[in-house]
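> Below is the sequence, then the predicted model.
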Amino acid sequence: MYLLDIMAKLIDSEVIIEAASVGVGLGLSGLLNHLCTRGQQLHERVCGAKQVNLSTQLRQAVSSNPEDYQLVAITGKVTSDGDALQSRYATDRTGVISNFVTEEIKEVWGKYSNSCLTANDVSVHVEGGEDSSWTSECLSRVHKEFRESSNSVMGSFVGFVTGDRIKGYADTEKMLLTGTRLLGIGQLFVKGNVLGIRKSPDGDLILTKHSKDDLISMLASKLRMWRILRFLAFGFSLCGLIYFIKRVKVKYSAIVEEQRSQREVEEIRQLRDNPARSQLRNNRNTNGDADGNCVICINNPRECVLLNCGHVCCCVDCFEILPSPKSCPICRGRVNRMVPIFHA
Ligand code: ZN
Ligand code: ZN
């Protein structure tokens with residue numbers, strides 16, 4: 001019951017907000033830690049990918065020793081396995097992946113054609129290239145156009161009333177163009193007489209316009225940034241946590257002290273109200289002279305000593321109603337503790 005009482009006083013909105021901010025800080029540190037781990041895994045994976053030159057013997061080599069080609073890096077130009085896709089607008093451009101986006105109505109058409117990486121007249125079929133999270137940065141913009149919307153009378157009226165008129169549409173076409181030189185990192189495989197590359201068991205198929213060395217240094221600098229952010233977030237959270245614990249400790253002692261002083265006040269009151277047991281009553285000045293009484297109410301005897309100044313100047317009733325933080329009515333010194341006095 002006593003503990004519950006202290007807890008109820010301890011947990012106020014300030015404490016909850018501080019605890020929540022420490023929690024958010026720790027959560028952020030955890031997230032950054034996760035990003036660091038992911039970044040490090042990716043960095044190690046790219047560094048560990050064996051660079052393989054495309055040659056006519058490759059298919060034979062992959063067929064006989066597939067486990068040697070679990071994680072390789074190949075470089076080649078994008079070519080099409082089947083019919084290449086033609087741009088809707090730039091009709092001389094062909095590609096293997098096409099993304100056509102119309103903004104405002106947010107419609108996306110995705111089209112995929114079989115793609116290959118080709119070098120030295122050897123083509124490696126790319127399996128699942130359209131699903132790789134790396135593909136989007138390999139696409140080139142081949143067309144962008146803004147079309148003014150032709151609003152009907154009804155549409156104009158609705159637009160006038162709601163203040164929300166569609167100005168027009170922006171079409172953007174992006175393609176993975178044939179002839180683009182790409183680096184692919186993944187697992188080589190042979191299926192039938194097709195030599196292909198696909199995602200390896202430990203991660204996504206990487207397709208990028210960067211060279212392997214550039215990719216490694218880019219990943220390393222990204223990893224460095226995540227690590228610095230993780231360090232900062234963790235440092236701030238730790239400082240926040242220490243500050244929070246200190247504050248709760250100070251608040252806890254204040255509450256315990258307040259409850260102790262309240263109990264003592266109660267004790268003194270009971271003694272005063274019970275004349276048979278009261279020694280405090282002897283204190284009371286019965287000559288009508290108020291000199292020995294509480295300086296505030298001039299009625300009750302002086303019942304306590306205020307620390308640290310040591311003044312004996314008031315009764316416990318008046319001590320209790322002193323505005324906090326309590327200060328001595330004589331010297332204005334800060335009252336850290338109140339001790340009841342008993343006359344023998
Ligand atoms: Zn008083
Ligand atoms: Zn004082």
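Looks like it arrived, so ask away. Ligands and ions are numbered 1, 2, ... in the order given.
> Smallest gap between the stretch 1-150 of the chain and ligand 2, at which residue?
Distance from ligand 2 to each residue of the stretch 1-150 of the chain (CB to the ion) is smallest for Lys9, at 27.4 Å. Backbone N, C-alpha and C define where each C-beta goes, glycine included.
> Where does Leu183 sit: helix, strand or coil?
Under DSSP: H, G, I helix; E, B strand; the rest coil, the three-state class of Leu183 is strand.
> can you list the residues of the protein near ligand 2?
Residues of the chain lying close to ligand 2 by CB under 5 Å from the ion are 309, 311, 328, 330-331, 333.
> Verify the stated contact: Ser115 with Gly82.
No. At 9.4 Å, Ser115 does not count as touching Gly82 under the criterion of CB atoms under 8 Å.
> And these two? Which one has more around it.
Ser115 (30 against 10; other CB atoms under 10 Å).
> Could you pull out the buried residues of stretch 6-20?
Buried residues in stretch 6-20, counted by 16 or more other CB atoms under 10 Å: Glu18.
> Need the residues that contact it.
Applying CB atoms under 8 Å, 6 or more residues apart in numbering, the set of residues contacting stretch 6-20 from outside is 240, 243-244, 247-248, 251-252, 255-256, 259.
> can I see the domain layout of the chain?
Per automatic domain parsing, the structural domains of the chain span 1-48+212-247, 49-209, 274-340.
> Give the other helices and strands that the longest helix along the chain contacts.
Ranked by residue count, the top helix of the chain under DSSP state H comes out as helix 212-273. Counting contacts by 3 or more CB pairs under 8 Å, 6 or more residues apart in numbering; DSSP states H and E, helix 212-273 packs against helix 2-10, helix 13-48, strand 181-191, helix 316-320, strand 337-340.
> Which is the succeeding secondary structure element to that helix?
On the C-terminal side of helix 212-273, the closest following helix or strand by DSSP states H and E is strand 304-307.
> burial count for Ser98?
24.
> Then Arg38?
13.
> Could you do the one 5 residues further on as well?
Counted with other CB under 10 Å, residues neighbouring His43 total 18.
> Low-confidence stretches in the stretch 151-300 of the chain?
Along the stretch 151-300 of the chain, the model assigns pLDDT under 70 to residues 151-152, 155-156, 158-167, 275-291.
> Mind checking what secondary structure the residue lying closest to Val122 once chain neighbours are set aside has?
Residue nearest to Val122 in three dimensions, not counting chain neighbours: Leu54, with 4.1 Å by CB to CB, 6 or more residues apart in numbering. Following three-state DSSP, the label given to Leu54 is coil.
> The longest helix of the chain relative to helix 2-10, how many degrees between them?
Per axes from the mean of the first three to the mean of the last three CA atoms, to 10 degrees, the angle that helix 212-273 makes with helix 2-10 is 120 degrees.
> which phi and psi does Asp81 have?
The phi and psi values for Asp81, taken as degrees, to the nearest 10, are phi -80, psi -40.
> Quick check: it vs Ser63, distance?
Distance of Asp81 to Ser63, given as CB to CB, to the nearest Å: 19 Å.
> Likewise for Val124?
14 Å.
> More neighbours: those two, which one.
The neighbour comparison of Val124 against Ser63 (other CB under 10 Å) goes to Val124, with 27 against 13.
> In this structure the more buried one contacts Lys191, no?
No. Look at Val124 against Lys191 with CB under 8 Å: they stay out of range, at 11.9 Å.
> any common contacting residues for these two?
By CB under 8 Å, 6+ apart, no residue touches both Val124 and Lys191.
> Just give me the neighbour total for Leu176.
For Leu176, using other CB under 10 Å, the count is 25.
> so who does it touch?
Counted by CB under 8 Å, 6+ apart, Leu176 has contacts 78, 95-98, 115, 129, 135, 138-140.
> With ligand 1 as the reference, measure out to Phe234.
Per CB to the ion, to the nearest Å, Phe234 is found 54 Å from ligand 1.
> Which residue, other than its chain neighbours, is closest to that residue?
Spatial nearest neighbour of Phe234, excluding adjacent residues (CB to CB, 6+ apart): Ser29 at 4.4 Å.
> if I pick that neighbour, what's in contact with it?
Contact analysis of Ser29 by CB under 8 Å, 6+ apart lists 230, 233-234, 237.
> about what we covered before: for Arg147, state which of the residues of the chain next to ligand 2 is nearest.
For the residues of the chain next to ligand 2, the residue nearest Arg147 by CB to CB is Gly333; the value is 79.5 Å.
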